[in-house]
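> take a look and give me a structure for this.
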Amino acid sequence: EILPNLYKETTIKLKREVEMGPYKYPVDDALDNRKAAFECMYTVLQSCMDRVNIFQFLDHVEMGLKDVPDIKMLTYLMVLRLVHINPNAILLKLESILEPL
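Predicted coordinates for the structure are as follows:
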């Protein structure tokens, strides 16, 4: 199945510091992969949510809410969509979803 591999991509972080003159900037080399993974999750949400374990899906959405702003925006959209698709699952995980907000 493809979803476990997709979920793995949402957790990978490859952080390093780049020196530019006297300054050091943090760089996350896995950010593009994580963005792509969350975009794929959003597509899954739109097209085949009936085949997905909703609580496992929500665990990764919750992790996305704690990530960088670009990924947070994607997960906000997912939460918004999930409220309409499966409000009961959102209610059951409400505390853990609200914590990073």
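
> start and end of stretch 42-53, how far apart?
Counting by C-alpha to C-alpha, to the nearest Å, you get 14 Å between the two ends of stretch 42-53.

> quick one: contacts of it?
Leu3, Leu6, Phe57, Leu74, Leu77, Met78, Arg81, Leu82, Ile85, Asn86 (C-beta atoms under 8 Å, 6 or more residues apart in numbering). No exception for glycine: its C-beta is placed from N, CA and C like everyone else's.

> tell me the one of those residues nearest Asp28?
For these, the closest approach to Asp28 (C-beta to C-beta) belongs to Leu74, at 15.4 Å.

> where's the closest one, which helix or strand?
Assigned by DSSP states H and E, Leu74 falls within helix 69-85.

> average pLDDT across that helix?
The average pLDDT within helix 69-85 is 93.

> which strands and helices sit next to that helix?
Here helix 69-85 touches helix 31-47, helix 54-64, helix 87-92, going by 3 or more C-beta pairs under 8 Å, 6 or more residues apart in numbering; DSSP states H and E.

> tell me the gap between it and the middle of its chain.
9 Å (C-alpha atoms, centre = their mean, to the nearest Å).

> tell me what angle it forms with helix 31-47.
Helix 69-85 and helix 31-47 are oriented at 10 degrees to each other (axes from the mean of the first three to the mean of the last three C-alpha atoms, to 10 degrees).

> list the buried residues of helix 69-85.
Residues Ile71, Lys72, Leu74, Thr75, Met78, Val79, Leu82 are the ones in helix 69-85 that count as buried (16 or more other C-beta atoms under 10 Å).

> leaving out chain neighbours, which residue sits closest to the last one?
Here the nearest residue to Leu82 in space, its sequence neighbours aside, is Ile90; by C-beta to C-beta, 6 or more residues apart in numbering that works out to 5.5 Å.

> so what's the one you found up against?
Leu58, Val79, Leu82, Val83, Ile97.

> list the contacts of the third one.
Taking C-beta under 8 Å, 6+ apart, we find Leu82 in contact with Leu45, Leu58, Val61, Ala89, Ile90.

> which of those residues are buried, as a PyMOL select command?
This is how PyMOL selects the buried members of the contacts of Leu82, with burial counted by 16+ other C-beta under 10 Å:
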select buried, resi 45+58+61+90
